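This is a predicted model, with the sequence first.
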Amino acid sequence: MGKAIEVKHLSKAYQLGDFGTGTVSRDLERFWARLRGKEDPFLKIGEVNDRTQKGGSDIVWSLNDLNFEIEQGDAVGVIGRNGAGKSTLLKILSRVTSPTAGSIKIKGRIASLLEVGTGFHPELTGRENVYLNGAILGMRKAEIKRKFDEIIDFAGVERYVDTPVKRYSSGMYVRLAFAVAAHLESEILIVDEVLAVGDAEFQKKCLGKMGDVSKGEGRTILFVSHNMDSIRTLCNQGMVLNNGSILFNGEVDAAINTYLRSSKDEGLVTSVSEVSLSPDVTLESFEINKSTLVSHQDLEFKLRVRSSHINHFSAAAIFIFDELEQKVAFFDLRCKELYLVSDSNENIEIKGSFKNLPLLPGVYKLGVHLQSNLLYKDFFDLLRFQVLQKGLADDNLPYPLPVRGKAEIDYEQLYEGKQDNYYFHSRPEMLPFVPLNIRSVLDVGCGNGAFGLTLKAQRSCIVWGIEPNKEAAQEAGKKLDKVINGLFVKDMPELGDQKFDAVFFNDVLEHLVDPGEALNMCKQLLNPQGFIIASIPNVRWYPVILSLLRYKDFKYEESGVMDKTHMRFFTLKSMRRLFESNGYRVVRAQGINKNKNFTIFNIINFLLFNTQEDMKFPQFVIVASI
Amino acid sequence: MGNMPDKDWDIEITPHNSLFDLKLKDTWHYRDLLFLLVRRDFVSFYKQTILGPVWFFIQPAITILIYTLVFSNLAKISTDDVPPPLFYLAGTIIWNYFSECLTKTSTVFKDNSAMLGKVYFPRLIMPLSIVFSNLIRFAVQFVLFIILLFYYYFFKGSHIHPTIYIALFPLLILLIAALGLGLGMMVSAVTTKYRDLAFVVTFGVPLLMYTTTVIYPLSTAVAKYPAYSWLIKFNPVTAVIETFRYGFMGNGMFSWGLLGYSAAVTFIILLIGIVVFNKVEKTFVDTV
């Protein structure tokens, strides 16, 4: 395959500031210098384009000596921060503006899509606009006529073909506009970030169509996007621009990595000011009140927009992007006040706060979308802030970030529901009772190993288990360090002379014919400083007592306190006695999983001076040492 | 692959083009766009209006009514035996066409920056579409003129006699369009960077009307101000209006010399206009 585009020493300079009276004399000076065959005194090649620093002159180099080639059939993703020169490069390639120096050679027809719907006239019908827009993009009338049905079909606006586009929804408008561009016959397609608008399904369809263009028909694509995922799906090559120079040019994954690495180095930004959004609209300031926050904290923001004249705003929104430039969240700022204020004021100020931001730890970027008579655009990567891990209520260590995704949803913990699977419980309520420094654990009745796995993740200790159910034991064997399929006391010899820092009896002792014997035998398994940690159902749980007293019934159930497989029933007192009579010292005895709702029992307990506290809990946890 | 001969490349983008590369071939390829833009202007002009294209008539009708009242009846400026409404209409429609072409073209970059900043097409299409859009307007107003002409000729028996020079009509249209276009493009090239000239055009063009023979005949001007009448003669629009009146009504001063001068000036202005326009269009996006 041959080359499609060859760029040599491409540079582009922009003049900063206003064009005022000063520019006339300078223009004359430049003109005079050129006449005498001298170098332009105001263009110093080589100055770096860094908008954050004030350069020596008013000239800024948006592109600085670019050299690259693009092979026919390649799909090249152009990546870079705002102001890196991406848009300038595309503008020059699509011949909207000229380079200051250097040359570009192109083979084949170019179709460029720097904006969807260029030249759409609101008064004209969909049909008329398709023809007009097609002609603007360089299609002949016959060509549009041939593809007209296909275009309308792609956009899905058959019913509205003869309706003026001002009556279209914005989604239909964008779809129709893109459909025209997607059907251009050209060897090279240049696409700027135009797909930020439109619904997700259509975005996918567009990406698919563009993919067809590149892979199926051997066309060359240049694609600018802030979304690394679409770049990765669509492109095979990547070019990273930074301050007007090429930082990397090559295989797409390597390019994305280079970009991510380079953008990570940069610090957090809590405010920007005087960002020119369009010739008429300036982002006067955009601030957040802190650069670093903890998950689920609030974040206040302030956005001030200044226009050169009164300018009806129909939409405003703030985006949150993650480091991979994936859009994480969107805050719709449309409201009646926005419309009213913008109808009578050149300046708009929007203040507010994101409540209870559920983002997981990481660096996030804020962008803005604004839509008015003068403006319809997204602005990415304006601010950056960092989110830190929130301290957890219990001592659970957080899972690694890739496991947890991007956001953490607030929820109610509901562990009192019907326990429909006997062998599948991770028992997070037990974790607060687990000492921090344990290294080896035996989980008696380990079920399928869910609890043991939690322990391993949280305390990084060795976990062994014993489980009589064969399937559950097999399942647990995949998760834990060693699992014995058998009964506790009977098959204890299989544990060998391994000693443990803790032995767990999660709802086990009540199933045993002789729990005292089990506890006695356990002494051989424990290290001298070891603990037994046991959860035991409480027969004095008030629903049980209520049933006994009021309904005169003692009914076994499938699970819970009145589980039909229970051999024995305990109260807090009898639990303590069980441990103490077998030579243990009860370190801690605490109820768990109590019903948080207000019930008749709360009143009874109150009337009895809170002497019946133990009835609140369906279970107790006993922590005992030798 | 490295040494691909230059002729294999279809497009070459460089900072500077040859001064006289007028891109006419490129422009020809986009002729459908020209047609569609003209159509767009025409359709969007009367959509959501009650009277629609009738507005094209109303404007000149009221103008000549006022002119007749003020200049003919009140100020008693001679119209060389031609019925005053006919005399003014002839001058007005030509002048209007010229001034519309000039003012609209002079702000073409500013008015269309949103579109021109996003897509490439030969920029010359834009001013050309203005010229053609206004030509439709001119045609409608010309119909009004012809109706009035017949009315006075057949029903009023006015002193009107069309001459053979009526055949020059297409050339006159070409000249006036080219003049408006050329001047407009020259102004537009400057206004992309310095808006001052746009203000000059806004108030200057209506005043400029008085330096040509819209509301008075050339003969009167020559008779009254013999020393300054060259100013009026050297306005290239004068020859066009005078020839137009002479062709359709047999009134006014016609000379090949004056028309030739006008044609020459128009050609030079058009050429300069296209050259500066092509030079500016490459980078106007950065400055407008």
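Nice, I can see it. Numbers count the residues shown, from 1 in each chain, chains lettered A, B, ... in the order given.

Now for the residue of the stretch 201-350 of chain A found nearest chain B, how many residues are close by?
Closest to chain B within the stretch 201-350 of chain A is A:Pro279: 7.7 Å, counting by Cβ to the nearest Cβ. Every C-beta, even on glycine, is put in place using the N, C-alpha and C of the backbone. Neighbour count of A:Pro279, defined by other Cβ atoms under 10 Å in any protein chain shown: 13.

ok, now how distant is it from A:Asn311?
For A:Pro279, the distance to A:Asn311 (Cβ to Cβ, to the nearest Å) stands at 12 Å.

What of A:Val294?
Note on A:Val294: its distance to A:Asn311, by Cβ to Cβ, is 38 Å.

Which one's more surrounded, the two?
Each of A:Val294 and A:Asn311 has its neighbours counted (other Cβ under 10 Å); A:Asn311 has more, 20 against 15.

Tell me the confidence at that one?
For A:Asn311, the pLDDT comes out at 78.

Report how many residues lie close to residue 261.
Going with chain A. Residues lying near A:Arg261 (other Cβ under 10 Å) number 12.

look at chain B instead
Using other Cβ under 10 Å: B:Tyr261 sits among 16 other residues.

distance of it from chain A?
Plainly put, B:Tyr261 is 31 Å away from chain A if you go by Cβ to the nearest Cβ, to the nearest Å.

my guess is that residue is in a strand, correct?
No - under DSSP: H, G, I helix; E, B strand; the rest coil, B:Tyr261 falls outside any strand and is assigned helix.

pLDDT value on it, please?
The score at B:Tyr261 is 93. That number is its pLDDT.

Now it. Nearest residue, chain neighbours left out?
In space, and not counting its chain neighbours, B:Tyr261 is closest to B:Ala239: 6.9 Å by Cβ to Cβ, 6 or more residues apart in numbering or on different chains.

And A:Leu283, by the same measure?
That would be A:Val275: by Cβ to Cβ, 6+ apart, it lies 4.1 Å from A:Leu283.

and the one you found, what element?
strand A:271-276 (DSSP states H and E).

Tell me the strands beside that strand, with direction?
Strand A:271-276 has these partner strands in its sheet, going by DSSP bridges: strand A:281-288 (antiparallel).

Could you list every helix and strand that the helix or strand that the partner strand is followed by packs against?
The element immediately downstream of strand A:281-288 (helix or strand, assigned by DSSP H and E) is strand A:292-294. In terms of contacts (3 or more Cβ pairs under 8 Å, 6 or more residues apart in numbering or on different chains; DSSP states H and E), strand A:292-294 is packed against strand A:375-388.

State the mean pLDDT of the strand it packs on.
Mean per-residue pLDDT for strand A:375-388: 82.

Please give me every residue in contact with A:Ile350.
A:Ile350 is in contact with A:Phe301, A:Lys302, A:Leu303, A:Arg304, A:Val305, A:Ala316, A:Leu333, A:Leu338, counting by Cβ atoms under 8 Å, 6 or more residues apart in numbering or on different chains.

Show me which positions of the strand or helix carrying the last one end up buried.
Read it as A:Leu338. Counting by DSSP H and E, the element that carries A:Leu338 is helix A:336-344. Judged by neighbour count using 16 or more other Cβ atoms under 10 Å in any protein chain shown, the buried positions of helix A:336-344 are A:Leu338, A:Ser342.

tell me which element the residue nearest the centre of chain B falls in.
Central residue of chain B (Cα atoms, centre = their mean): B:Phe98, 2.5 Å from the mean position. Applying DSSP H and E as the criterion places B:Phe98 in helix B:84-106.

cool, and A:Gly591?
Residue-wise, A:Gly591 maps onto strand A:585-592 under DSSP H and E.

same check, this time on A:Glu580
Going by DSSP H and E, A:Glu580 is in helix A:572-581.

So for that helix, what gets flagged as buried?
Applying 16+ other Cβ under 10 Å to helix A:572-581 flags A:Leu572, A:Met575, A:Arg576, A:Leu578, A:Phe579 as buried.

Spatially nearest residue to the last one (excluding sequence neighbours)?
The shortest distance from A:Phe579 to any non-neighbouring residue, by Cβ to Cβ, 6+ apart, is to A:Ala624 (4.7 Å).

Would you agree that neighbour is in contact with A:Asn582?
No - assessed by Cβ atoms under 8 Å, A:Ala624 is found out of contact with A:Asn582, at 9.1 Å.

Pick out whichever of the two has more residues nearby.
Legend: neighbour count by other Cβ under 10 Å for A:Ala624 and A:Asn582, higher for A:Ala624 (26 against 18).

Give me every residue in the stretch 1-150 of chain B lying close to chain A.
B:1, B:4, B:6, B:8-15, B:29-30, B:32-33, B:35-37, B:39-40, B:43-44, B:47-48, B:113-121 (Cβ under 8 Å from any Cβ of the partner chain).

what residues does the helix or strand hosting B:Ser219 touch?
Element membership of B:Ser219, judged by DSSP H and E, is helix B:218-224. Under the contact criterion Cβ under 8 Å, 6+ apart, helix B:218-224 has outside partners B:Ile77, B:Ser78, B:Asp80, B:Thr213, B:Ser229, B:Ile232, B:Lys233, B:Thr238, B:Glu242, B:Gly252, B:Met253.
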